[in-house]
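Visitor: Got a predicted structure plus its sequence, pasted below:
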Amino acid sequence: MDTDTDLIPGLPEDVGLECLVRIHYNHFSSVSSVSKSWRRQLHLPEFWRRRRAAGFTRQVIVLAQSRVDPTRDHMPKKYAAAPVYRLTLCEPETGIWAELPSIPGYSGGLPMFCQVVGVGLDLVVVGGCDPVTWEVSNSVFIYNFATATWRSGAYMPGGPRLFFACASDSLRRVFVAGGHDNDKRALRTAMAYDVAGDVWSAMPDMATERDEAKGIFHAGIFHIVGGYRTDMQGQFETSTESFDAATWQWGPVREDFLDGPTTCTGNCDIAVQGGDVAAREGSTWRVVADMPSEVRNITAYVATWRGKVLVIGSEGFGGAYKTFVLDLKSGKWERVEAGDDFLGHVQSGCCMEL
């Protein structure tokens with residue numbers, strides 16, 4: 001079908017579009033191959049406005065998750081083989097789990113400690129270590145849900161960088177800040193990647209160096225939360241810095257933003273701390289729910305969307321990683337069941353609307 005006129009021959013344009021917005025994201029690659037007009041629709045704002053308004057978008061969590069070895073028990077070992085990571089997909093509302101295609105040429109698994117972020121229909125994998133040589137890489141790989149294919153992006157400029165803060169505006173750009181170099185020196189530098197243009201742009205430096213900070217993007221602002229300086233290895237800051245993508249400037253450092261060791265998410269107003277879920281009210285944090293015991297001791301990943309909080313974690317080192325969703329309105333937790341293939345350790349993740 002090569003026509004670029006009617007979306008569906010014999011049907012009015014509106015009716016054809018109403019049919020397309022109902023298609024599950026699993027079938028986007030098939031839709032793209034039918035015709036140019038169908039492929040074009042997947043990238044138009046009106047398509048997504050209608051799909052969202054009609055309730056057909058799905059919140060999808062994409063994870064860098066270790067492959068589970070069925071012959072391995074969950075007891076800690078002093079000399080354990082390095083796990084192999086892959087990209088998995090979780091649809092919390094339906095309980096669907098799946099594994100995404102591997103990056104071409106990475107037969108040894110996903111780059112270790114890479115960051116994953118969503119930009120439109122693109123899943124962007126940034127940096128990490130080669131799973132075989134452990135050499136730090138500034139590589140960029142992009143998986144497109146519309147075509148179900150991978151492509152390579154422009155490498156992150158500058159020297160080797162690991163454990164950096166990373167987030168996206170969900171529309172066009174990926175933001176990177178901090179981390180450390182090959183000499184374990186924390187970095188202040190930051191940059192942005194235009195996914196469609198395949199181009200990196202330098203950002204002004206942060207006020208302070210930050211290793212292992214958390215990156216969050218909300219309402220046009222890239223927030224860098226926590227992290228630590230070179231001379232304070234492992235002693236995390238409680239401050240945050242925020243970058244305005246419109247003015248291309250950093251705002252002042254906000255001291256004592258966090259209340260102790262915290263995993264912050266959403267628009268910096270929801271956090272997991274000390275085994276509790278807390279909400280920020282003004283300058284303080286208020287506990288809104290106790291964490292389930294299965295994820296209380298080790299929290300690997302937290303995401304929020306439309307009044308929901310998703311938490312993935314484990315009871316202890318070497319244990320299975322389980323997934324729970326909290327409804328903030330009712331205060332009730334619900335377990336997201338997963339098969340044995342999807343209980344591995346989680347290094348990073350992102351939330352996408354498809």
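Guide: That came in fine, so what should we check first?

Visitor: Now do the same for residue 231: helix, strand or coil?
Guide: Of the three states, residue 231 takes helix under DSSP: H, G, I helix; E, B strand; the rest coil.

Visitor: How much space separates it from residue 268?
Guide: 26 Å (C-beta to C-beta, to the nearest Å). All C-beta atoms are positioned from the backbone trio N, CA, C, and that covers glycine.

Visitor: out of the two, which sits in the busier spot?
Guide: residue 268 (19 against 9; other C-beta atoms under 10 Å).

Visitor: Contact partners for the more buried one?
Guide: 216, 218, 223, 225, 240, 257, 280 (C-beta atoms under 8 Å, 6 or more residues apart in numbering).

Visitor: For PyMOL, what selects the buried ones among these?
Guide: Only the buried members of the contacts of residue 268 enter the following PyMOL selection, criterion being 16 or more other C-beta atoms under 10 Å:
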select buried, resi 216+223+225+240+257+280
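
Visitor: and the contacts of residue 268 as TSV, adding secondary structure?
Guide: Putting those into TSV (three-state DSSP) gives the following:
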residue	secondary structure
216	strand
218	strand
223	strand
225	strand
240	strand
257	coil
280	strand
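
Visitor: Can I get the contacts of residue 268 in a markdown table including distance to residue 288 and pLDDT?
Guide: What follows is the contacts of residue 268, written out as a markdown table (distance: C-beta to C-beta, whole Å; pLDDT from 0 to 100):
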| residue | distance to residue 288 | pLDDT |
| --- | --- | --- |
| 216 | 18 | 92 |
| 218 | 19 | 89 |
| 223 | 20 | 94 |
| 225 | 19 | 91 |
| 240 | 20 | 91 |
| 257 | 18 | 79 |
| 280 | 10 | 82 |
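
Visitor: The contacts of residue 268: which two are farthest apart?
Guide: Farthest apart among the contacts of residue 268 by C-beta to C-beta are 218 and 257. That separation is 14.1 Å.

Visitor: What distance do you get for residue 238 to residue 296?
Guide: The separation that residue 238 has from residue 296, given C-beta to C-beta, amounts to 22 Å.

Visitor: Compare neighbour counts for the two and give me the winner.
Guide: Between residue 238 and residue 296, counting by other C-beta under 10 Å, residue 296 is the more crowded of the two (18 against 15).

Visitor: give the contact list for that one.
Guide: Taking C-beta under 8 Å, 6+ apart, we find residue 296 in contact with 275, 313, 315.

Visitor: By mean pLDDT, which helix or strand of the protein comes out lowest?
Guide: strand 263-265 (a mean of 71; mean pLDDT, DSSP states H and E).

Visitor: Next SSE downstream of it?
Guide: Sequence order places strand 270-273 as the next helix or strand after strand 263-265, per DSSP states H and E.

Visitor: Strand partners (parallel or antiparallel) of that next one?
Guide: Neighbouring strands of strand 270-273 in its sheet, by DSSP bridges, are strand 263-265 (antiparallel), strand 276-281 (antiparallel).

Visitor: model confidence over it, on average?
Guide: Strand 270-273 comes out with an average pLDDT of 82.

Visitor: Next, the buried residues of it.
Guide: 270-273.

Visitor: picking up where we left off before, now render the strands paired with strand 270-273 as TSV, adding distance to residue 121.
Guide: Below are the strands paired with strand 270-273 laid out as TSV (distance: least, C-beta to C-beta, whole Å):
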stretch	distance to residue 121
strand 263-265	23
strand 276-281	31
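
Visitor: any idea which of those strands is most buried?
Guide: strand 263-265 (a mean of 22; mean count of other C-beta atoms under 10 Å).

Visitor: what are the ranges of the strands in the stretch 251-354 of the chain?
Guide: Secondary structure of the stretch 251-354 of the chain by DSSP state E, counting those that start in this stretch: the strands cover 263-265, 270-273, 276-281, 284-290, 298-305, 308-314, 322-327, 332-336, 346-353.

Visitor: Any idea which of those gets closest to residue 88?
Guide: Among the strands of the stretch 251-354 of the chain, strand 346-353 sits nearest to residue 88 (C-beta to C-beta), with 8.7 Å.

Visitor: Report all helices and strands that the closest one contacts.
Guide: strand 59-66, strand 115-119, strand 298-305, strand 308-314 (3 or more C-beta pairs under 8 Å, 6 or more residues apart in numbering; DSSP states H and E).

Visitor: Mean pLDDT lowest where, among the ones you listed?
Guide: Of all the helices and strands packed on strand 346-353, mean pLDDT reaches its minimum on strand 298-305 (a mean of 89).

Visitor: got the angle between that strand and strand 276-281?
Guide: Counting by axes from the mean of the first three to the mean of the last three C-alpha atoms, to 10 degrees, strand 298-305 lies at 40 degrees to strand 276-281.
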